[in-house]
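**Q** this is the structure alone, sequence omitted:
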Ligand SMILES: Nc1nc2c(ncn2[C@@H]2O[C@H](COP(=O)(O)OP(=O)(O)OP(=O)(O)O)[C@@H](O)[C@H]2O)c(=O)[nH]1
Ligand SMILES: [Mg+2]
């Protein structure tokens, strides 16, 4: 079987991808506008996008995340895998993950690789972020990619700490990614 490529995008995407990669193995790649969190990733396959647009910091809005991906399209094309299954993970609602994911998904689809997009949706408290996430999700749907979502607003009980909720979402998505890789997923 061809290897699987697990790719995290944006701050939350990195932690989600890290957990998924622990479970499914294969190649791990990390993409972000923010340089610092990338340096802590256990992979040499990390890519800072939009150094001019974001100056090595967070994108802060999806528009700037998208611009970062466009600025670095050459690097993205050179670094994305050209064989194997691909899983793209991000927490929707921020700048880098939400803005860059559609560009990345389109590039993978153009390579004719089997793609899964796995994303979290923001907590109910994050109203502005929920709006940004909804728009981002629509854009991802338009690429035709297979998408699985984990909605923090649905899964976080009132008493649950933020840390626990984030851990749960990483675990839940990792397990669904694993089922997809094994061909047992109903996501399509
Ligand atoms: N599962 C999980 N979700 C997170 C984590 N941190 C943030 N989130 C969620 O992911 C959304 C996006 O946050 P980030 O990933 O930090 O944003 P980003 O893509 O890095 O965007 P910028 O920092 O603006 O460039 C947030 O609104 C939260 O809902 C995390 O550690 N784990
Ligand atoms: Mg960030």
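**A** Structure's in. What do you need? What you are looking at is a predicted structure, and each value in this text was computed from that prediction instead of being measured. Ligands and ions are numbered 1, 2, ... in the order given.
**Q** what about the strands in this protein?
**A** Using DSSP state E, the strands of the chain run over 4-9, 27-32, 46-48, 85-91, 115-121, 146-151.
**Q** for the closest residue in space to residue 129 that isn't next to it in sequence, give its distance to ligand 1.
**A** Closest residue in space to residue 129, ignoring its immediate chain neighbours: residue 93 at 3.3 Å, by CB to CB, 6 or more residues apart in numbering. (Glycine included, C-beta is placed from N, CA and C.) Taking CB to the nearest ligand atom, to the nearest Å as the measure, residue 93 falls 3 Å from ligand 1.
**Q** for residue 93, what are its contacts?
**A** 121-122, 126, 129-130, 132-133, 136 (CB atoms under 8 Å, 6 or more residues apart in numbering).
**Q** before we move on, back to that, can I get the strands of the chain in JSON lines with distance to ligand 1, mean pLDDT and mean neighbour count?
**A** JSON lines is the format used below for the strands of the chain (distance: least, CB to the nearest ligand atom, whole Å; pLDDT from 0 to 100; neighbours: other CB atoms under 10 Å):
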{"stretch": "strand 4-9", "distance to ligand 1": "7", "mean pLDDT": "98", "mean neighbour count": "28"}
{"stretch": "strand 27-32", "distance to ligand 1": "6", "mean pLDDT": "97", "mean neighbour count": "25"}
{"stretch": "strand 46-48", "distance to ligand 1": "12", "mean pLDDT": "97", "mean neighbour count": "19"}
{"stretch": "strand 85-91", "distance to ligand 1": "2", "mean pLDDT": "98", "mean neighbour count": "28"}
{"stretch": "strand 115-121", "distance to ligand 1": "5", "mean pLDDT": "97", "mean neighbour count": "25"}
{"stretch": "strand 146-151", "distance to ligand 1": "8", "mean pLDDT": "96", "mean neighbour count": "18"}
